[in-house]
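Undergrad: Okay, here's the prediction I keep looking at, along with the sequence it came from:
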Amino acid sequence: MLTFTTPKKSTSKLTLQLLIASVFTIGLAACNDNNKVAEEVVVVAPVTPAMEYSYSITLTNLTYAQPLSPVAVALHGDTKMWQVGQSASVALEKLAEGGDNADFIALTSNMATISSEGPVPPGASVTLDINTTEPMATYLTVATMLVNTNDAFSGLTGVDISTLVLNQEKSWRLNVYDSGTELNNEAVGTIPGPVDGGVGYDSTRDDIDLVGYHSGVVSKDDGLSSSVLTQAHRFDNPAVKLTITRTK
Amino acid sequence: MKVIKQSPIKSALTVLALAFASSTTMAQELSITVTNLTQGLHFTPVITAAHTSDNHIFIASEMASTELQTMAEGGDISGLANMLTNADANLNENPAMGLLAPAMSASFSLTNDSANTHLSLVAMVLPSNDGFVGLDSWKIPEEAGTYTVFLNAYDAGTEANDEIRGSGAPGEAGMPVPPPLDASIGMNGTGVTDMENNNKVHIHRGSLGDDNMTAGKSDINNSVQRWLNPVAKLTITVQ
């Protein structure tokens, strides 16, 4: 199962190795004078450079007219950043209501993170590379908002990727969650996407306050008179295709 | 459905082969969690059964049994429980001790006899006329591990989806409204339709609903009580 490749060595690792090498040299030099000192040095010796893991992540927007907010990708330990039936964190609420992933990316539980530079339009894909030397960073979270909604987001969280071998690929088709933090009234001024340009994050929680699956947008065309959305903004599951490939 | 006829000798051999096959598999211990993924639907008492491969609680594209109809229109699982008990199924009933509220989960254990190789589950979804969440004959893996199955919402095809308050009794129009849902469901709807032209079990087309709690066509709230599939998640751990 294990596949080993020669990792590319960064400058800092080379420096470390040179240091180790010089410790050895000193040790060996000392050996000529005093055997006891030489023995102590041998005990300290075997320091190997940390293994680097790299993944390439490609996300495709499968919707008709729901741009996806900048995509947050995080590697972390065995934890889930949201769960059906639990309240959303404020960081997730900001991502799901306003498409702002800064707090989500900054969470201290994350060991490696990356964000796409901009939104991902319908039909488009984005590929992000993420690297880590942290051996515990074997769980993946990806999150992005469907911006022409009140608080819909898609993604996956806490997925174990430790069994991926080099060049192995894994794919998912992802459903749409509702953060449960904002009422789905689809009203003017509440949708941050291009259809409305309204307010994103609002700290008030006026919905069920439990993460669940989204019921879809209704739109004014289908009987929600207060809605700024049209038939074009409706979506169905799945909304996102995600592929991860281990590249190192 | 295709009916395959076999000669008596061949089917006797098949039975013998099955007997040998089943003797090699032991009863299994299953830990099951059912999660209501929605934010606006309640599930009536859930019934889960491990049964033989030739039994079904429902089959999409076939007519509902009276027992399934009773469950799908009013949430009463007693008829299904009797039918499954008579078929020597292993049962779990009502793990949430009542309604399974939006986004909530219920967990339970189920020990299945070696002949009961397939798992099925149903519960009515509220508000609806005859909508239910269903799993039909999922083959229980022999290998220990944790498995995830996503479930869709079906329509029993036994009642018109008028989407207005009414009865939970089989054959009577309208949706049952148990007390916990009373405040969230509208009234005075004039009815979305009085037709049920597809009388086979099918994937539910979803509710229409409207945004008027005191009038309109539907008593369902369109921005809360619609859904997209899947509506439930099953997490099954085979010990």
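TA: Happy to help now that I have it.
Undergrad: Same question for A:Leu95, what's its three-state structure.
TA: What DSSP: H, G, I helix; E, B strand; the rest coil gives for A:Leu95 is helix.
Undergrad: With B:Ile77 as the reference, measure out to the closest residue to B:Pro45 other than its chain neighbours.
TA: With sequence-adjacent residues excluded and distances taken as Cβ to Cβ, 6 or more residues apart in numbering or on different chains, B:Pro45 is closest to B:Asn94, at 3.8 Å. C-beta here means a position set from N, CA and C on the backbone, and glycine is covered the same way. To B:Ile77, B:Asn94 is 7 Å away according to Cβ to Cβ, to the nearest Å.
Undergrad: Kindly report the same for B:Gln39.
TA: Taking Cβ to Cβ, one finds B:Gln39 at 24 Å from B:Ile77.
Undergrad: related to what we said a few turns ago, what do B:Asn94 and B:Ile77 both touch?
TA: Residues touching both B:Asn94 and B:Ile77 (Cβ atoms under 8 Å, 6 or more residues apart in numbering or on different chains): B:Pro45, B:Ile47.
Undergrad: quick one: secondary structure of the residue nearest in space to the middle of chain B?
TA: Nearest to the mean C-alpha position of chain B, counting by Cα atoms, centre = their mean, stands B:Val122 at 2.0 Å. Following three-state DSSP, we place B:Val122 in the strand state.
Undergrad: Give the closest residue to it in space, chain neighbours not counted.
TA: B:Val122's closest residue in space is B:Gly134 (Cβ to Cβ, 6+ apart), at 4.9 Å.
Undergrad: Now that neighbour: which helix or strand?
TA: strand B:131-139 (DSSP states H and E).
Undergrad: Pull up the pairing partners for that strand, direction included.
TA: strand B:118-126 (antiparallel), strand B:145-155 (antiparallel) (DSSP bridges).
Undergrad: can you list these in TSV and add mean pLDDT?
TA: Converted to TSV, these look like this (pLDDT from 0 to 100):
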stretch	mean pLDDT
strand B:118-126	98
strand B:145-155	98
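Undergrad: Format those strands as TSV; extra columns: distance to B:Glu73.
TA: Listed next are the strands paired with strand B:131-139 as TSV, based on distance: least, Cβ to Cβ, whole Å:
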stretch	distance to B:Glu73
strand B:118-126	7
strand B:145-155	11
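Undergrad: Buried deepest among those, which one?
TA: Most buried of the strands paired with strand B:131-139 by mean neighbour count (mean count of other Cβ atoms under 10 Å in any protein chain shown) is strand B:118-126; its value is a mean of 25.
Undergrad: Just the CA trace of it, in PDB.
TA: This file holds the C-alpha atoms of strand B:118-126, laid out as PDB (Å, rounded to 0.1, in the frame of the first residue of the first chain):
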ATOM      1  CA  HIS B 118     -31.700  -7.100   3.500                       C
ATOM      2  CA  LEU B 119     -32.600  -3.900   5.300                       C
ATOM      3  CA  SER B 120     -35.600  -1.600   4.700                       C
ATOM      4  CA  LEU B 121     -36.900   1.500   6.500                       C
ATOM      5  CA  VAL B 122     -39.900   3.800   6.100                       C
ATOM      6  CA  ALA B 123     -41.500   6.800   7.900                       C
ATOM      7  CA  MET B 124     -44.000   9.300   6.700                       C
ATOM      8  CA  VAL B 125     -42.800  12.800   6.100                       C
ATOM      9  CA  LEU B 126     -44.900  15.700   7.500                       C
END
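Undergrad: Centre of the chain to that strand, how far?
TA: How far strand B:118-126 lies from its chain's middle: 2 Å, per Cα atoms, centre = their mean, to the nearest Å.
Undergrad: measure A:Leu95 to A:Ser116 for me?
TA: Separation of A:Leu95 from A:Ser116 (Cβ to Cβ): 13 Å.
Undergrad: So for those two, which sits in the more crowded spot?
TA: A:Leu95 (31 against 19; other Cβ atoms under 10 Å in any protein chain shown).
Undergrad: for that one, what are its contacts?
TA: A:Ser69, A:Ala72, A:Asn101, A:Asp103, A:Phe104, A:Ala143, A:Thr144, A:Met145, A:Phe153.
Undergrad: what's the most distant pair in the residues you listed?
TA: By the measure Cβ to Cβ, A:Asp103 and A:Thr144 form the most distant pair in the contacts of A:Leu95, at 14.6 Å.
Undergrad: more neighbours, B:Asn94 and B:Ile77?
TA: Each of B:Asn94 and B:Ile77 has its neighbours counted (other Cβ under 10 Å); B:Ile77 has more, 24 against 18.
Undergrad: quick one: contacts for A:Pro122?
TA: So A:Pro122 contacts A:Asn61, A:Thr63, A:Tyr64, A:Ala65, A:Gln66, A:Pro67 (Cβ under 8 Å, 6+ apart).
Undergrad: from the contacts of A:Leu95, which is closest to chain B?
TA: Set against chain B, the nearest of these by Cβ to the nearest Cβ is A:Phe153 (13.4 Å).
Undergrad: Report the beta-bridge partners for that closest one.
TA: Counting by DSSP bridges, A:Phe153 is bridged to A:Met145, A:Tyr177.
Undergrad: these two touch, right, it and A:Ala96?
TA: Yes. Using Cβ atoms under 8 Å, A:Phe153 is in contact with A:Ala96, at 4.3 Å.
Undergrad: Compare those two (neighbour count), which wins?
TA: Using other Cβ under 10 Å, the more surrounded residue of A:Phe153 and A:Ala96 is A:Ala96, with 34 against 31.
Undergrad: Could you chop chain A up by domain?
TA: Using automatic domain parsing, the domains assigned to chain A come out as A:11-44, A:53-246.
Undergrad: Just give the number of residues close to residue 142.
TA: The chain I'm using is chain A. Neighbour tally, A:Val142, other Cβ under 10 Å: 22.
Undergrad: looking at chain B here, not the other one
TA: If you count neighbours by other Cβ under 10 Å, B:Glu142 ends up with 11.
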